[in-house]
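Q: Only the shape, not the letters, is given here:
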């Protein structure tokens, strides 16, 4: 069973940066895709980013391309989401996900989810 624990959320002013971390049980991201979704109040959950188990493929939503990057440290079994140039519309609960293969951008295609971490961007 894959367990995911997010950290790093918080309150930041527009234009600022945050780095989210997702810690998993040992070896998870060496064999699973790791990624991030987010859900803003009153909106559907949306795909943000994903990284393949090899690290050779990265997928980013158009809305965050050029501002967010995803990376991982297999030794620490952790996936990171570096968020720069944050905007108020980035405010959401951010969820870490994992799956055996890249499953696209639909939430239902990912088997494993963390509890989420709140990111709030003030204007």
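A: Received, thanks. A quick note: this is a predicted structure, and the numbers were derived from the prediction, not measured. Numbering: from 1, shown residues only.
Q: going forward, measure contacts and count neighbours with C-alpha atoms only.
A: OK.
Q: Tell me the buried residues in stretch 70-82?
A: 70, 71, 72, 74, 77, 78, 79, 80, 81 (16 or more other Cα atoms under 10 Å).
Q: Might you calculate how far that stretch sits from the centre of the chain?
A: 10 Å (Cα atoms, centre = their mean, to the nearest Å).
Q: got the end-to-end distance for it?
A: 6 Å (Cα to Cα, to the nearest Å).
Q: quick one: contacts of it?
A: 17-30, 34-36, 49-51, 55, 58, 68-69 (Cα atoms under 8 Å, 6 or more residues apart in numbering).
Q: And for stretch 96-114?
A: In contact with stretch 96-114 (Cα under 8 Å, 6+ apart) are residues 2-6, 22, 29, 31-37, 45-47, 50, 52, 95, 115-116.
Q: at 6 Å instead, please
A: If you take Cα atoms under 6 Å, 6 or more residues apart in numbering as the criterion, stretch 96-114 is touched by 4, 5, 32, 33, 34, 35, 36, 47, 95.
Q: farthest pair in those residues?
A: Maximum pairwise distance among the contacts of stretch 96-114 (Cα to Cα): 17.8 Å, between 5 and 47.
Q: of the two, who's got more company?
A: residue 47 (22 against 18; other Cα atoms under 10 Å).
Q: my guess is that one contacts residue 40, does it?
A: No: taking contacts as Cα atoms under 6 Å, residue 47 lies outside contact range of residue 40: 11.8 Å.
Q: where does the most centrally placed residue in the chain fall, helix, sheet strand or coil?
A: Taking Cα atoms, centre = their mean, the centroid of the chain lies closest to residue 36, which sits 2.4 Å from it. Three-state call for residue 36 (DSSP: H, G, I helix; E, B strand; the rest coil): strand.
Q: and the residue nearest to it when sequence neighbours are not counted, how many neighbours?
A: Excluding the flanking residues, the one nearest residue 36 by Cα to Cα, 6 or more residues apart in numbering is residue 96, at 4.6 Å. Look at residue 96: counted by other Cα under 10 Å, it has 30 neighbours.
Q: from what I can see residue 88 touches residue 119, true?
A: No: if you go by Cα under 6 Å, residue 88 and residue 119 don't touch, sitting 9.7 Å apart.
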